[in-house]
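Asks: This is a predicted model, with the sequence first.
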Amino acid sequence: MIAPRSISVMLLSFAIIDLSGVPVFALADEDVVENVDVQPRFTISEQQFDQSVFNTRGAVVIANGGRLKQVVASQTTPIEQAKSQLETYINAEITTIDLRCNLTETQKKKLRLAGRGDIADFFARVMELRRRCTSESMTQQEYTTLHAEMTKLRMMIQTGSISDATLICKTLRSILSDEQSVLYKTLERERRIAIINESLATQWGQNSKPVRLAKEAQQQFVDVLLQHGRLPTNQSPYRLYFVLLEIDRLEDRLKPLLSDEEWQQFQFPISQAKRIEPFLRTTGQWPSEEIVDETSSGAMKE
């Protein structure tokens with residue numbers, strides 16, 4: 001049988017649903033495809049972009065005791081909601097630093113100004129990505145790359161970490177006195193210790209138990225992670241997974257501190273963390289540089 005030279009194929013538009021349950025793209029309509037091997041192209045509407053980046057929802061209807069109940073969407077725009085959320089994160093952080101370091105009014109003013117600059121830079125980045133995603137159709141590879149960027153921006157809004165090197169962090173390093181710098185480093189160290197202890201106290205599965213270490217062993221365990229680990233100081237929803245992945249990376253230093261049974265307790269939660277490690281890296285959640293505990297006894301001696 002001789003195959004026809006061309007086959008007419010109608011591609012029906014359809015939405016792809018991501019893990020959050022919202023449509024993130026649709027196939028571009030094509031009347032005729034000359035070859036069945038043609039690569040499909042994808043389009044993203046502005047509404048779909050906003051749903052993916054800002055996690056927005058329109059007005060929805062839900063069942064309520066047999067009746068339908070209208071849930072009215074927020075009157076504020078997605079950008080206004082995200083901006084307000086980021087401002088809340090920044091103001092809360094400035095307040096926390098002020099309580100610990102006793103900032104002057106001039107210092108607080110500079111930090112607020114830097115925070116506004118960070119937010120402006122962030123939304124400039126959002127708008128540029130929005131233009132790139134919605135202006136024309138994309139190949140599968142182009143969509144995959146841009147969708148990873150969209151996810152990264154969404155995670156920045158959710159965690160309050162709006163860039164890898166924020167103006168507010170640079171400003172903070174430049175305006176603190178020597179005494180304030182010591183106090184701030186102590187604050188960061190306390191935050192990391194709290195995250196490590198939280199990971200040890202967490203029950204990771206139905207049949208698993210929190211890791212129980214002897215007091216001396218736990219102190220040594222924490223010290224190694226502080227001195228050699230890359231640990232977050234913010235309240236990222238993935239903060240405990242970072243600790244587990246660092247425990248696995250530092251196995252040669254940590255395993256000798258524990259019994260075989262104690263080390264075995266970490267294996268199940270570490271396996272859970274490894275499952276989402278690719279997501280953490282591609283969405284920019286991973287700490288970019290190794291953090292050295294400058295308040296440790298070894299660092300102080302140096």
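Replies: Sure, I can see it.
Asks: isn't D248 right up against S271?
Replies: No - using C-beta atoms under 8 Å, D248 is not in contact with S271; the gap is 9.3 Å. Heads up, the C-betas are built off the backbone N, CA and C, glycines and all.
Asks: neighbour-wise, which of these two wins?
Replies: Regarding D248 and S271, a neighbour count based on other C-beta atoms under 10 Å identifies D248 as having more, with 17 against 12.
Asks: Which helix or strand contains that one?
Replies: Using DSSP states H and E, the element containing D248 is helix 239-249.
Asks: and for that helix, what are the contacting residues?
Replies: 195-196, 198-199, 202, 225, 229-232, 236, 254, 266, 269-270, 272-274, 276-277, 280, 286-287 (C-beta atoms under 8 Å, 6 or more residues apart in numbering).
Asks: what about the longest helix along the chain, distance to the chain center?
Replies: Longest helix in the chain, counting residues (DSSP state H): helix 105-134. Offset of helix 105-134 from its chain centre (C-alpha atoms, centre = their mean, to the nearest Å): 17 Å.
Asks: Against which helices or strands is that helix packed?
Replies: Applying 3 or more C-beta pairs under 8 Å, 6 or more residues apart in numbering; DSSP states H and E, one finds that helix 105-134 contacts helix 46-54, helix 78-101, helix 140-159, helix 167-175.
Asks: which stretches of the stretch 151-300 of the chain aren't confidently modelled?
Replies: Per-residue confidence for the stretch 151-300 of the chain (pLDDT under 70) gives these ranges: 162-165, 206-207, 286-300.
Asks: could you show me where the helices are in it, in order?
Replies: 167-175, 178-201, 215-228, 239-249, 251-254, 260-265, 267-282, 297-301 (DSSP state H, counting those that start in this stretch).
Asks: Could you list the buried residues of the longest one?
Replies: Of all the residues in helix 178-201, those buried under the rule 16 or more other C-beta atoms under 10 Å are 180, 184, 188-189, 191-193, 195-196, 199-200.
Asks: from those, which is closest to I79?
Replies: R191 (29.9 Å; C-beta to C-beta).
Asks: doesn't L226 make contact with the closest one?
Replies: No - the pair R191 / L226 is not scored as a contact, 10.9 Å apart, by C-beta under 8 Å.
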